[in-house]
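Novice: Need a 3D model of the sequence below.
(3 chains)
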Amino acid sequence: MDGQLGWGTLDNDGWRKGPWTAQEDKLLMEHVSLHGDGKWNSVSKLTGLRRNGKSCRLRWVNYLRPDLKRGNITPQEEIIIQELHALWGNRWSNIARSLPGRTDNEIKNYWRTHFKKSKPSKNVEQARARHLIRQRQEKKQGQEEQQHLHHQGAQQQQADMRAPMKQAEEAAMADDMAEMTYMYSVSRMLQGGGFGGYSSDGSTEDGSWGSLWNLGDVPDHLSAVTALYGERR
DNA sequence: AATAATGGCAACCGCTCGTAC
DNA sequence: GGTACGAGCGGTTGCCATTAT
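Specialist: Okay, here's the model as predicted:
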């Protein structure tokens, strides 16, 4: 990477780079316990730590945070990762939010080492295609409803507003999808052995993701997970 | 036993986005 | 409206440990 710099040395601005020492970890943890996380660029001033803000943030988020879950990715988590990746692609931070205690970096590394080499399975491709089709249908439906609701005289105004509204719709839709996917995954876990029928590429043994991606099924699971989902928030 | 290849993970980089001024 | 800055994100790199030859 920084070839000539090597690890554990100072860069041109005097910042330390490379692996963190126990002493540095201690300083950073003390800083966060006193001032909270955020304002990472002030860490060096307040603690004397010769690390830049980005480095401090990364160390905290990926390694020092007390709520981190250490240890191997479980099969359940693996399934969730696969499903959410099929849905969102490389949106690691989004995926990480559905896996409490796991970091985006951890998930990203896991994906790269475990799944990247193999081509996306046909099932994953199908799942993604179904999702995109449905998303497009819903978007179209939403736009039609808006057109119906608005008076003709407001059409010009509406055209002006369309871009930001579209963004808001997409954001809301993404949130909904996140919730549905998370709840569905949890519901399958709660069913116990619900993952047993899944092969390593995340598809079912009979080769279909069928019900998972038939989102019409999702509401059937909602009541089963509502309580747990509520606690999560 | 020595060396090469591979896997896993921590850390850095460049970019984008949001916000304050 | 433009700019600067902080924070966050995804991609990439490098080191170390393990496994294969």
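
Novice: burial of the nearest residue to A:Arg59 once chain neighbours are set aside, as a residue count?
Specialist: Ranked by CB to CB, 6 or more residues apart in numbering and with sequence neighbours excluded, the top spatial neighbour of A:Arg59 is A:Trp20, at 5.6 Å. All C-beta spots, glycine's among them, are computed from the backbone N, C-alpha and C. Applying the criterion other CB atoms under 10 Å, we find 19 residues in the vicinity of A:Trp20.

Novice: again with A:Leu10
Specialist: Each residue near A:Leu10 was counted by other CB under 10 Å, and the total is 12.

Novice: Name the nearest residue to A:Ala96, ignoring sequence neighbours.
Specialist: By the measure of CB to CB, 6+ apart, the closest residue to A:Ala96 outside its immediate chain neighbours is A:Asp104, 4.2 Å from it.

Novice: what does stretch A:24-37 rub up against?
Specialist: With CB atoms under 8 Å, 6 or more residues apart in numbering as the test, stretch A:24-37 has contacts from A:16, A:20, A:42-43, A:46-49, A:51, A:56-57, A:59-60, A:63-64.

Novice: For ChimeraX, write a command that selects the buried ones of those.
Specialist: Buried members of the contacts of stretch A:24-37 can be picked out in ChimeraX with the line below, counting by 16 or more other CB atoms under 10 Å:
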select /A:16,20,43,47,49,51,56,57,59,60,64
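
Novice: Could you restrict the contacts of stretch A:24-37 to the ones contacting DNA strand B?
Specialist: A:Arg16, A:Trp20, A:Arg51, A:Arg59, A:Tyr63 (CB under 7 Å from any atom of the strand).

Novice: Give the burial count for the nearest residue to the first one once chain neighbours are set aside, as a bare number.
Specialist: Read it as A:Arg16. Sequence neighbours aside, A:Arg50 is the residue nearest to A:Arg16 in space, at 4.5 Å (criterion: CB to CB, 6+ apart). Using other CB under 10 Å, the number of residues around A:Arg50 comes to 14.
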